[in-house]
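In: this one's sequence-less:
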Ligand SMILES: Cc1cc2nc3c(=O)[nH]c(=O)nc-3n(C[C@H](O)[C@H](O)[C@H](O)COP(=O)(O)O)c2cc1C
Ligand SMILES: C=C(O[C@@H]1CC(C(=O)O)=C[C@@H](OP(=O)(O)O)[C@H]1O)C(=O)O
């Protein structure tokens with residue numbers, strides 16, 4: 001079983017993470033974890049906070065000479081931006097955790113809520129996800145993502161028509177991680193306008209997970225369904241408001257004969273489908289096709305032109321506090337989503353091929369692959 005916890009405030013000293021359940025004898029490249037952290041810091045539309053931070057991980061347990069021991073892995077990332085403009089936040093921002101959190105935790109200052117609600121915490125999730133990605137890469141599993149829209153500017157790229165890994169490489173090197181460079185230019189101008197006018201923008205990200213074997217997740221109990229676990233993990237990212245798998249929301253427009261994937265068999269490939277409307281999951285179980293996930297994020301709640309709110313001391317009408325903030329965080333969202341996907345797939349993978357060392361899991365995996373080949 002994989003589980004993890006994070007701790008730390010946005011402007012506190014450090015972020016802390018504990019990851020348990022990664023088997024022993026997995027080789028970890030710390031440089032790769034730092035590379036993933038740097039990917040999360042990129043992207044057009046972020047606040048100047050990202051030019052202050054330079055996220056690097058320290059590994060404080062569970063790894064000896066770059067190899068996991070099976071013990072809990074503990075991780076630390078320093079915060080460099082520790083200063084806050086004001087120490088008292090009495091004007092809760094619509095759309096952030098401020099007011100509901102203040103009431104729930106009986107606090108007098110929204111600072112005690114927003115510091116933990118901040119998506120700064122997703123830096124630690126990215127580091128934890130990077131370790132899971134390394135684990136999955138031992139079994140050929142790869143996770144790609146790209147941005148499919150910023151606000152209503154849509155990238156003219158369709159996974160169902162093209163699935164070349166070269167396309168994803170294009171996204172990797174562009175400022176908004178969009179494969180369609182024309183759409184990216186328009187989206188960039190929109191973000192510039194947001195900066196000038198003081199509003200923020202949401203958007204949508206697509207993830208493609210390749211080489212997940214058939215049989216991860218289960219139909220037998222609600223909390224073992226892989227699609228359910230993916231949805232929970234994606235919705236746990238601050239700002240995410242919807243999750244789709246496969247055709248997702250569009251599936252309602254099709255009849256049953258064009259929305260389910262017909263099954264074929266060949267000596268070489270075994271069972272396969274010519275379409276992937278299901279997005280690689282049927283009955284909560286991976287079916288061996290690519291897993292396709294799309295998530296939508298709302299526009300950032302903190303805005304230069306703030307919305308109306310109420311002062312929690314005087315109860316008078318006022319406007320929300322406006323502080324340094326991202327204008328658009330869809331690029332970091334895509335990286336955090338990759339990390340969360342890696343954690344969930346690793347968890348269900350280890351559940352299926354259980355073992356305490358890499359050798360044990362690999363042996364179980366190979367046995368199972370031999371069995372699947374004969375089906
Ligand atoms: C990578 C990332 C960066 C974010 N940056 C900001 C930000 O600068 N300012 C802000 O108000 N919200 C930001 N958010 C969104 C808030 O954290 C989120 O809206 C808030 O915690 C409330 O949660 P909810 O929108 O899921 O209800 C960011 C989210 C992510 C994933
Ligand atoms: C610090 C990060 O994101 C932050 C998430 C965030 C929020 O309210 O969620 C608010 C901003 O922080 P600050 O108030 O210091 O400008 C973002 O920069 C990060 O992604 O590392």
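Out: Looks like it arrived, so ask away. Here the structure is a predicted model, which means the values were calculated and not measured. Ligands and ions are numbered 1, 2, ... in the order given.
In: who in this structure is up against ligand 1?
Out: With the criterion set to CB under 6 Å from any ligand atom, the chain comes near ligand 1 through 47, 95-97, 117-119, 122, 237-239, 298, 300-302, 325-326, 329, 332-333, 336. Yep, even glycine has a C-beta here, placed from its N, CA and C like the rest.
In: just the buried members of the residues you listed?
Out: Among the residues of the chain next to ligand 1, those that count as buried by neighbour count (16 or more other CB atoms under 10 Å) are 47, 95-97, 117-119, 122, 237-239, 300-302, 325-326, 329, 332-333, 336.
In: now, those residues that are in helices?
Out: Counting by DSSP state H, those place 117, 122, 332-333, 336 in helices.
In: low-confidence regions, the stretch 151-300 of the chain specifically.
Out: Counting by pLDDT under 70, the ranges of the stretch 151-300 of the chain that qualify are 162-164.
In: could you pull out the helices for it?
Out: 165-172, 181-197, 226-235 (DSSP state H, counting those that start in this stretch).
In: so which of the ones you listed is nearest residue 371?
Out: Residue 371 sits nearest to helix 226-235 of all the helices of the stretch 151-300 of the chain, at 19.7 Å, using CB to CB.
In: off-centre distance for that closest one?
Out: Helix 226-235 has its average C-alpha position 11 Å from the chain's average C-alpha position, going by CA atoms, centre = their mean, to the nearest Å.
In: in it, what counts as buried?
Out: Neighbour-count burial for helix 226-235 flags 226-227, 229-231, 233-234 (criterion: 16+ other CB under 10 Å).
In: how about stretch 77-93?
Out: Counting neighbours by 16+ other CB under 10 Å, the buried set in stretch 77-93 is 77, 79, 81, 84, 89-93.
In: kindly report the same for stretch 123-137.
Out: Neighbour-count burial for stretch 123-137 flags 123-136 (criterion: 16+ other CB under 10 Å).
In: check stretch 274-287 too.
Out: Those would be 276-282, 284-287, for stretch 274-287 by 16+ other CB under 10 Å.
In: stretch 143-161 too?
Out: With burial defined by 16+ other CB under 10 Å, the residues of stretch 143-161 counted as buried are 143-151, 153-155, 157, 159.
In: go on, stretch 44-57?
Out: Those would be 44-47, 49-50, 53, 55, 57, for stretch 44-57 by 16+ other CB under 10 Å.
In: possible to save those as TSV with pLDDT and secondary structure?
Out: What follows is those, written out as TSV (pLDDT from 0 to 100; DSSP: H, G, I helix; E, B strand; the rest coil):
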residue	pLDDT	secondary structure
44	95	coil
45	95	coil
46	94	coil
47	89	coil
49	86	helix
50	90	helix
53	89	coil
55	96	coil
57	98	strand
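In: out of these, who's near ligand 2?
Out: Taking CB under 6 Å from any ligand atom as the test, ligand 2 is in contact with 47, 49, 53 out of these.
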